[in-house]
Structure formats: C-alpha cells, structure tokens
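**Q** have a look; sequence and predicted model below, questions after that.
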Amino acid sequence: MKFISLLILLLICLVTLISAGRDFYKILNLPKSATLNQIKKSYRKLAKELHPDKNKNDPKAQERFQDLGAAYEALSDSDKRKIYDKHGEDGLKQQGGGDSFHDPFSSFFGDFFHFGGGSRDDGHNHVPRGGDLVTDLYVSLEEVYNGNFIEVVRAKPVAKQTSGSRKCNCRMEMRTTQMGPGRFQMMQEQVCDECPNIKFVIEEKVLEIEVEAGVADGHEIPFLAEGEPHMEGEPGDLKFIIRIQKHSLFERKKNDLYTNLTITLQDALNGFNLTIPHLDGHKVTINREKITWPGARIKKKGEGLPQYDQNNIFGDLYVTIDVDFPKTELNNEQREIVKTLLNQQSKHRLYNGL
C-alpha cells in the first residue's frame, strides 16, 4: 500500500514538472532575482555561444537556441515575467503569450550574424552592398563602470515586393554576330534579368546596444545588415562608436581614475577621515593621520575601472589633494602662535617646476 502511494506521489510530481514547462531561469543561467540588465547580458553572451551557425554538428543546437530565445522573450517583459513566475510556461500559454515567438537575436546583433558560414558576403562574391552607417553613441562614465544596455529605435528602409517587374542583375556580356561568310562581329551589350518590383518601406526596430564594463572610448559596436539597403544586394552595416562623456568628478586614463579633493589647512595639518562617492554609489574612505601637503596624491588600489576583457580586474583611483588656505588675515599674536607651533626656519628655494 505504501509502495502504491509513493508511486502515485512520484507520478503527480512528474506531471507537475512536465506541465510547468521549461525553466527559463536555468536556460539563461540566472537566479530568479536577476535584473533586466543581467537577463540581457546573459542572453547576448549565450546567443553567441549557442547560435546554430556555430554548432553545425550539434543536432540539438536549433532547439537550444529557440529555448534561449523563448526564455529571453518571457523574462525580459515585466508582465510576462510576473505570469511566468506565478504560473510557469503554461500560464503564459493560457494568456496567449506562450505560442507567439519573436526571435530577439537580430535586436542584439543585426539581421545577419557571421560565424564563418553565414550568408554575409565576404568580399569575394562581389555581392553589391548598401552604405554603412556610422554614428556616435554617448555614454556616461557610470555606464562604463557598471555596464548597461541602451535601447535605440532604428527607422530602417525595408524592401517589400510590389506590383510589376523591374530590370535587375544587369551585367555586360559579349555578343557575337555573323556579318557574312567567315566574318563575325563581337560587341559588349548590357543584359538584365526580370525581377519582381520592390519598394522600400520604413519600419521601426529596437536595437539592444550593450555598453560593456570597461569599454574604451572609440570602441565600435557593429550591427550587421542594419545599414543602408541596396536594391540589388545586401544592406550595409550600422556601427555605433562609443563616446564617453566628461565626468564632473573623475577623469579616466586607461583603467585608472583620477580626481581632486580640496581640504582645509586644518585638515592638512591634523589629518582627516572622509568618504567620497564612487560611480556605482559605494563609498571610498580617504584617511590621513599625518600632514598632507598640497599636490599630494593618495592611491586607492582596486578602485578604478574594470578591465574590459576581465571585469574582475580593476584599475586604481588616484586622489590629488588641494589645500584651501584661510582667506582671513592673522593678527600679530596669531602669527606668533603659528611660528611656535610649526617651529620652522624661514627658507626659500627657487626652481623650475615644469
């Protein structure tokens, strides 16, 4: 009797697991607390690894890639994610959002993604291409430190078939004509094919641009086939060039950050302890227990920017000290007190400081 009850319990658990559908968080290698940026970042990384063009010998590559797209579609939409978290994939299907599927891949990479076997012309097939579009993308230093995704709406001309036909694939060919016995004339003439007529219609498309942590100014982010169209061939590419905006507190040099801190003369002589805000909101403690001279530079190791290719390695933060001297004049008694306290001989040194 116990065996039958156990068997029934196992069957119920199995049915529950099957009806629950796919585990989208597991597919994206993320916890249920993942933020939207983490979901986008994980999808972009896994999409490059699992794309069928890169796994041609794997019969399950297409299925895994589709699972990845479905997971992203569900978890990147706040309404769909709420339904999924409560009721699983079945809940999405009941709401009408589980059967329709839009592949998000092109939003991250463009219409084509060339892994070595894609359809993109490599320059040897002489397929005509539309012009490339190059535009600057201005980002903040906070975005470079933390990483971010920026959505850009691209109004793209898309070719649509319309009524009628047109001449296409025109080329020059040699034509031989017999002029008489033993006499021939060879001449070049243009030969064209007949193709369905097309017109260009403007369609809006959302592109997801990842600003990776530690990215350099001038870094290029390409979106293949998102440039200008070509009636006889492939579209050009759309390229975003990262431009880092000037920051009010920090200056970047490679992966190091530089800033200036003004302190009072009293703090310069007695020492000080304070915190300054960093690019992600955490506080950096600056502590001095000895005299600090104007122009002194304090190094805070590991408080710079993350390295672009290894985000667990950070540069350093350098804080240059400026001293704010009192604006009020000292009376004779105060001057004597200062002389007694400092106990210094009057010395002067002239030199070239440049």
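**A** Good, I have the coordinates. This one's a predicted model, so the numbers in the text were calculated from it and none came from an experiment. Numbering: from 1, shown residues only.

**Q** find me the pLDDT at residue 258, would you?
**A** Residue 258 carries a pLDDT value of 97.

**Q** ditto for residue 190
**A** Value for residue 190, per-residue pLDDT: 81.

**Q** quick check: bridge partners of it?
**A** Note on residue 190: beta-bridge partners by DSSP bridges are residue 172.

**Q** quick check: it touching residue 171?
**A** Yes - proximity of residue 190 to residue 171 meets the contact threshold set by Cβ atoms under 8 Å, at 7.3 Å. Bear in mind the C-beta positions are built from the backbone N, C-alpha and C, glycine included.

**Q** ok, the closest residue in space to residue 81 that isn't next to it in sequence to residue 279 distance?
**A** Among residues not flanking residue 81 along the chain, residue 75 sits closest, at 5.1 Å (Cβ to Cβ, 6 or more residues apart in numbering). From residue 75 across to residue 279, the span is 27 Å (Cβ to Cβ, to the nearest Å).

**Q** so which of those two has more stuff around it?
**A** The residue with more neighbours, out of residue 75 and residue 279, is residue 75; 25 against 19, by other Cβ atoms under 10 Å.

**Q** look up how far residue 155 lies from the more buried one.
**A** From residue 75 to residue 155 the distance is 28 Å (Cβ to Cβ).

**Q** next, residue 46: phi, psi?
**A** Dihedral pair for residue 46: phi -70, psi -30, per degrees, to the nearest 10.

**Q** that one: how many residues sit nearby?
**A** 18.

**Q** hang on, it packs against residue 29?
**A** Yes - in this structure, residue 46 is within contact of residue 29 by Cβ under 8 Å, at 7.3 Å.

**Q** shared neighbours of the two, anything?
**A** Common contact partners of residue 46 and residue 29 (Cβ atoms under 8 Å, 6 or more residues apart in numbering): none.

**Q** tell me where the stretch 101-250 of the chain has strands.
**A** 133-139, 148-180, 183-211, 220-223, 238-244 (DSSP state E, counting those that start in this stretch).

**Q** quick one, the second one and strand 238-244 angle?
**A** If I follow you right, that is strand 148-180. Orientation check (axes from the mean of the first three to the mean of the last three Cα atoms, to 10 degrees): strand 148-180 against strand 238-244 gives 150 degrees.

**Q** pLDDT of strand 148-180, averaged?
**A** Strand 148-180 comes out at a mean pLDDT of 84.

**Q** what do you get for the first one?
**A** Averaged across strand 133-139, the pLDDT comes to 96.

**Q** do stretch 284-296 as well
**A** Mean pLDDT, stretch 284-296: 94.

**Q** now do the end-to-end distance for it.
**A** Taking Cα to Cα, to the nearest Å, stretch 284-296 runs 18 Å from one end to the other.

**Q** got the buried residues for it?
**A** Within stretch 284-296, the residues scored as buried using 16 or more other Cβ atoms under 10 Å are 286, 288, 292, 296.

**Q** and what of stretch 315-325?
**A** Buried residues in stretch 315-325 (16+ other Cβ under 10 Å): 315, 317, 318, 319, 321, 323.

**Q** ditto for stretch 67-81
**A** For stretch 67-81, by 16+ other Cβ under 10 Å, it's 67, 68, 69, 70, 71, 72, 73, 74, 75, 76, 80, 81.

**Q** got JSON lines for those, with secondary structure too?
**A** Output for the buried residues of stretch 67-81, formatted as JSON lines (DSSP: H, G, I helix; E, B strand; the rest coil):
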{"residue": "67", "secondary structure": "helix"}
{"residue": "68", "secondary structure": "helix"}
{"residue": "69", "secondary structure": "helix"}
{"residue": "70", "secondary structure": "helix"}
{"residue": "71", "secondary structure": "helix"}
{"residue": "72", "secondary structure": "helix"}
{"residue": "73", "secondary structure": "helix"}
{"residue": "74", "secondary structure": "helix"}
{"residue": "75", "secondary structure": "helix"}
{"residue": "76", "secondary structure": "coil"}
{"residue": "80", "secondary structure": "helix"}
{"residue": "81", "secondary structure": "helix"}
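
**Q** CA atoms only for stretch 57-75 - export them in CSV, please.
**A** Only the C-alpha atoms of stretch 57-75 are listed here, as CSV (Å, rounded to 0.1, in the frame of the first residue of the first chain):
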residue,chain,number,x,y,z
ASN,A,57,27.5,19.4,-35.9
ASP,A,58,25.1,19.5,-32.9
PRO,A,59,21.6,18.2,-33.9
LYS,A,60,20.0,19.9,-30.8
ALA,A,61,21.6,23.3,-31.5
GLN,A,62,18.5,24.8,-33.1
GLU,A,63,16.3,23.6,-30.3
ARG,A,64,18.6,25.0,-27.6
PHE,A,65,18.8,28.3,-29.4
GLN,A,66,15.0,28.5,-29.6
ASP,A,67,14.7,27.7,-25.9
LEU,A,68,17.1,30.6,-25.2
GLY,A,69,15.0,33.0,-27.3
ALA,A,70,11.8,31.9,-25.6
ALA,A,71,13.4,32.4,-22.2
TYR,A,72,14.6,35.9,-23.0
GLU,A,73,11.2,36.8,-24.5
ALA,A,74,9.4,35.8,-21.3
LEU,A,75,11.8,37.2,-18.7
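
**Q** what's the distance between that stretch and the middle of its chain?
**A** Centroid displacement of stretch 57-75 relative to its chain, using Cα atoms, centre = their mean, to the nearest Å, is 21 Å.
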